[in-house]
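**Student:** Predicted model and sequence below, questions to follow.
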Amino acid sequence: MNINLTTISIDTIIQAFSIIAAALTFVIAQAFQKKKDRKQANRESYQQLEFASIDLFRFEAENIDLIRPIWEDDKEIPNQNTAEYVVLMNYVCQMLNLFEMALKFRRDKTLLPEVFGTWIAWFQLLICAPGFRIIWKDVRMDYLPELREIMDGGIEIVQKETNDDQIEAKFHQLVSSILKCDMISNWVESKIESKTASIRKKTVGKIPNDRLIDLGQLSCKWLNDLSETERLTTLFLNNSKNNYISHSEIQEGRAYNESTWSDDIRDILTTEFEEAIENGLFYNSNIAALYHNNLLVAFALVEFKSSPNGNFAILSDIIVDKDYRNNKIGENLLRWIITQLSTNNIKSIYAESNIQNDIAHNFLLENGFKSISKVFKQDLIE
């Protein structure tokens, strides 16, 4: 009898352990699933945040005169008792609401550090806006202490500092301290080191250029004037050789192959540029233009896409008048575009070029791009 009782006891223990193991497996599986579901829900929520930011940019594009008092020194904020003030206040509050959500997503690690960097750039753009400080006084108590600390500290930095690099560095240090994330302050240090190295690399062995121009006379804008289409097309055709052709030129019909432009290239470009001006994301344009003394000397065609990884841009074309090269025209235009994109929550920018276009490759690498792939093509029908 004792043997039987012992046997029964061992069987019972084994069975109990099996039940416990099964229960633990189920609990762990449920926990993993819940964590996975939370991550998915957070990703979907952040996607909605991205869409909300794009809606805000469209509002800006469609109501540019209405929002000028926030961004321009010579435009006064309307009286508080007016409908114009209410609209401006709601516009600013929309941005602040998005900022608050971005902070939350960074806290729970839904928002990657490099993506959050674009939000910090947007924070900084707003604290530097002359009209923001007036409205902030009226609405600051509607926001969480963390955001209040960031915006209050940022405004204080802007009021004390006049150097843009110092404002950027100190603001990143402030946000880094508040969020307890050293990586944030390191971004600016890395960028400054990269900029210094790039300047050093470009100046060594450079031959002076007698045609260097006054960069203070340059201006950039998103082009929304259809009458400029012909000038864009002419500038493209006069300043792009056959080695400019990449796979997208062939795919879209601009070129027959990697060395031959289409016979209809002028008409094709005219149609493309007109559509880019009429249907763009920023100020109703996807073409960024650079002028020197009101003369169009460079432009870039920028396209925009959305994906589960966030919004991104494609630098489809960047053209500089050959008479203005070696004057950092392309660098100035690209820097302006990147600032526009980063402050409008565009996560990344891609570019492509002909495999033999070493000048374009070096330009992109020197301006922060990195090579990540090659494109292959096989003709199936002669």
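**Tutor:** Sure thing, it's come through. Worth saying up front: this structure is predicted, and the values here are computed from it rather than measured. Numbering: from 1, shown residues only.
**Student:** what number of residues lie near residue 256?
**Tutor:** Residue 256 is flanked by 13 other residues according to other Cβ atoms under 10 Å. Backbone N, C-alpha and C define where each C-beta goes, glycine included.
**Student:** and after the helix or strand where it lies, which helix or strand comes next?
**Tutor:** Of the helices and strands defined by DSSP states H and E, residue 256 is found in strand 255-257. Sequence-wise, the next helix or strand downstream of strand 255-257 (DSSP H and E) is strand 260-261.
**Student:** Okay, helices next: where are they in the stretch 251-382 of the chain?
**Tutor:** Assigned helices in the stretch 251-382 of the chain, in chain order: 265-278, 329-342, 358-366 (criterion: DSSP state H, counting those that start in this stretch).
**Student:** One more: the stretch 51-200 of the chain?
**Tutor:** Counting by DSSP H, counting those that start in this stretch, the stretch 51-200 of the chain has helices at residues 64-71, 83-107, 113-127, 132-139, 145-160, 164-179, 182-203.
**Student:** I'd like the ones you listed laid out as JSON lines, including distance to residue 368.
**Tutor:** Output for those, formatted as JSON lines (distance: least, Cβ to Cβ, whole Å):
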{"stretch": "helix 64-71", "distance to residue 368": "26"}
{"stretch": "helix 83-107", "distance to residue 368": "23"}
{"stretch": "helix 113-127", "distance to residue 368": "12"}
{"stretch": "helix 132-139", "distance to residue 368": "29"}
{"stretch": "helix 145-160", "distance to residue 368": "25"}
{"stretch": "helix 164-179", "distance to residue 368": "16"}
{"stretch": "helix 182-203", "distance to residue 368": "7"}
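**Student:** Return the most buried member of the ones you listed.
**Tutor:** Burial of these is given as mean neighbour count (mean count of other Cβ atoms under 10 Å); helix 113-127 ranks first at a mean of 20.
**Student:** weakest of the helices of the stretch 51-200 of the chain in terms of mean pLDDT?
**Tutor:** Mean pLDDT is lowest for helix 182-203 among those, at a mean of 49.
**Student:** What strands line up against the helix or strand just after it, and which way round?
**Tutor:** Of the helices and strands lying after helix 182-203 in sequence (DSSP H and E), the nearest is strand 218-222. Strand pairing for strand 218-222, determined by DSSP bridges: strand 287-292 (antiparallel).
**Student:** tilt between the strand it pairs with and helix 329-342?
**Tutor:** Angle between the axes of strand 287-292 and helix 329-342 is 140 degrees (criterion: axes from the mean of the first three to the mean of the last three Cα atoms, to 10 degrees).
**Student:** Please enumerate residues in contact with strand 287-292?
**Tutor:** Contact partners of strand 287-292, identified using Cβ atoms under 8 Å, 6 or more residues apart in numbering, comprise 213, 217-223, 228, 232, 273, 276-277, 280, 296-302, 324, 329, 332-333, 336-337, 340.
**Student:** Now that we have the residues you listed, which of them are buried?
**Tutor:** Among the contacts of strand 287-292, those classed as buried by 16 or more other Cβ atoms under 10 Å are 218, 220, 222-223, 228, 232, 273, 276-277, 280, 296-302, 324, 329, 332-333, 336-337, 340.
**Student:** if we can go back for a sec, among the helices of the stretch 251-382 of the chain, show me which one is buried the most.
**Tutor:** Of all the helices of the stretch 251-382 of the chain, helix 329-342 carries the top mean neighbour count, a mean of 19, counting by mean count of other Cβ under 10 Å.
**Student:** I'd like the distance between residue 311 and residue 366.
**Tutor:** Relative to residue 366, residue 311 is positioned 25 Å away (Cβ to Cβ, to the nearest Å).
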